[in-house]
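K.L.:
Here is my input, please return the structure:
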Amino acid sequence: MMLSSLLYITWDVDPILIHFGDGGIRWYGLLWAIGIYLCYLVQVWIYKREKCPEDWSDKIFIWMTLGVIIGARIGHCWFYEWHLTNDPIQLFAWTINYRNPYIENPLALLKIWEGGLSSHGGAIGLILAAWMLNKKHFSKFPEYQTSMLWILDRLCLGVCITATLIRLGNLMNSEIYGGPTDLPWGFIFLRDGQTVPCHPTQIYEMLYCLVAMAVTWPMYWFTDARRREGLLLGTFFLIVFVTRFLLEFIKNDQEAFEANYLLNMGQVLSIPFIIIGLWLVIRAFCRPMLPDTTNFDVPKQSLQKKK
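P.N.:
Numbers count the residues shown, from 1 in each chain. From the prediction side, this is the model:
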């Protein structure tokens, strides 16, 4: 249930869409699934437009789904699940005050239904999956001049949609929001025990994902940006991660250990992506453009899998 006033919005939405037994279908999981499927449809459209082999869309769906889920899960467990220990560990000259339970019990990584997915980990998973996919499958078709960056340039167009829906899922879960605010669109997240309006940073993050979409889609459709390897991905990284870095200043820390940091974990992880994004944009304009595959007539025999 959601009630609003002139000063704030009371957010009390049930995170479970359909109840059965002790659990049910959660908005978060459903939005994740819809987001991945819509991203797949975007890839189908792009690969058809660029006259790529028909099975490429299916391959990228499998590899990217595995890459983003595995990467997001491992990323969360490694980056965010450090807890203060009552018995510090002495390692050579260092005193380690924090421990990670997943190092001791790696099988707990499989408990994805308990929550815990990192957007930075998902991005790393997508990069690794794109590299492996190109090496194993796409590079067998040299006439397309594909690369890891070629794949990611096109993938980020669909990721804009997926990321938007994931942040909507965070809103439905009443999680990952900001600090108190007196702005009229502040949300009181009742299900998380809040009693004062807070910044709905999930919505702010949805907006920057939509901005990334509004910028990269016209670049792909109306310009030669698709022929400048890494330009679309670099632009996506700069929009998403610069904004993410700035928003973290008003977001609550996800874990207690972040309270001692000048920058929280989200900001620390965003910095490499910002640097890579800037480098990709500069690199894209320093290298010759790729052939325009949207007008590239590929012989039929080249569409058959090379042995």
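
K.L.:
And the helices in the chain?
P.N.:
Secondary structure of the chain by DSSP state H: the helices cover 27-49, 56-79, 101-104, 119-136, 148-172, 201-222, 231-247, 265-286.

K.L.:
Check these for me: which has the lowest mean pLDDT.
P.N.:
Among those, helix 101-104 carries the lowest mean pLDDT, at a mean of 82.

K.L.:
So which of the helices of the chain is nearest residue 12?
P.N.:
Closest approach to residue 12 among the helices of the chain (CB to CB): helix 148-172, 11.3 Å. Using the backbone N, CA and C atoms, a C-beta is placed for each residue, glycine as well.

K.L.:
can you put the helices of the chain in CSV and add distance to residue 192 and mean neighbour count?
P.N.:
Compiled in CSV, those are given as follows (distance: least, CB to CB, whole Å; neighbours: other CB atoms under 10 Å):
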stretch, distance to residue 192, mean neighbour count
helix 27-49, 14, 18
helix 56-79, 18, 20
helix 101-104, 23, 12
helix 119-136, 20, 20
helix 148-172, 11, 24
helix 201-222, 12, 18
helix 231-247, 18, 22
helix 265-286, 18, 17
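
K.L.:
Stretch 113-129: how far from the chain's middle?
P.N.:
Centroid separation between stretch 113-129 and its chain, computed with CA atoms, centre = their mean, to the nearest Å, is 7 Å.

K.L.:
List of residues touching it?
P.N.:
63-64, 66-81, 148, 152, 155, 159, 163, 166, 244, 266, 269-270, 273 (CB atoms under 8 Å, 6 or more residues apart in numbering).

K.L.:
before we move on, what about stretch 17-30?
P.N.:
Applying CB under 8 Å, 6+ apart, the contact partners of stretch 17-30 are 13, 15, 16, 166, 168, 169, 170, 172, 173.

K.L.:
quick check, nearest of those residues to residue 225?
P.N.:
Nearest to residue 225 among the contacts of stretch 17-30, with distances taken as CB to CB, is residue 166, at 25.0 Å.

K.L.:
And the closest one, how close does it get to residue 111?
P.N.:
As judged by CB to CB, to the nearest Å, residue 166 and residue 111 stand 19 Å apart.

K.L.:
Then residue 289?
P.N.:
Between residue 289 and residue 111 the computed distance is 46 Å (CB to CB).

K.L.:
ok, now residue 65?
P.N.:
Residue 65 is 19 Å from residue 111, by CB to CB.

K.L.:
One more: residue 156?
P.N.:
29 Å.

K.L.:
ok, now residue 154?
P.N.:
To residue 111, residue 154 is 33 Å away according to CB to CB.

K.L.:
May I ask which two of the contacts of stretch 17-30 are separated the most?
P.N.:
The most widely separated members of those are 16 and 166, with 17.2 Å between them, by CB to CB.

K.L.:
Could you dump the helices of the chain into TSV and include distance to residue 87?
P.N.:
What follows is those, written out as TSV (distance: least, CB to CB, whole Å):
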stretch	distance to residue 87
helix 27-49	35
helix 56-79	21
helix 101-104	13
helix 119-136	28
helix 148-172	34
helix 201-222	35
helix 231-247	35
helix 265-286	24
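
K.L.:
so which of those gets nearest residue 256?
P.N.:
When the helices of the chain are compared by CB to CB, helix 265-286 sits nearest residue 256, at 11.5 Å.

K.L.:
Now do the closest one against helix 231-247, angle only.
P.N.:
Orientation check (axes from the mean of the first three to the mean of the last three CA atoms, to 10 degrees): helix 265-286 against helix 231-247 gives 150 degrees.

K.L.:
Could you find the closest non-adjacent residue to residue 244?
P.N.:
Nearest non-adjacent residue to residue 244, counting by CB to CB, 6 or more residues apart in numbering: residue 270, 5.1 Å away.

K.L.:
got it, and residue 121?
P.N.:
Spatial nearest neighbour of residue 121, excluding adjacent residues (CB to CB, 6+ apart): residue 75 at 1.3 Å.

K.L.:
And the one you found, how far from residue 228?
P.N.:
Residue 75 is 29 Å from residue 228, where distance means CB to CB.

K.L.:
and residue 214, what does it touch?
P.N.:
Residues counted as contacts of residue 214 (CB under 8 Å, 6+ apart): none.

K.L.:
Between the two ends of stretch 195-209, what distance do you get?
P.N.:
Chord length of stretch 195-209, first to last residue, is 29 Å (CA to CA, to the nearest Å).

K.L.:
do you know how far the residue positioned nearest the centre of the chain is from residue 289?
P.N.:
With distances taken as CA atoms, centre = their mean, residue 119 lies nearest the centre of the chain, 4.1 Å away. Separation of residue 119 from residue 289 (CB to CB) stands at 31 Å.
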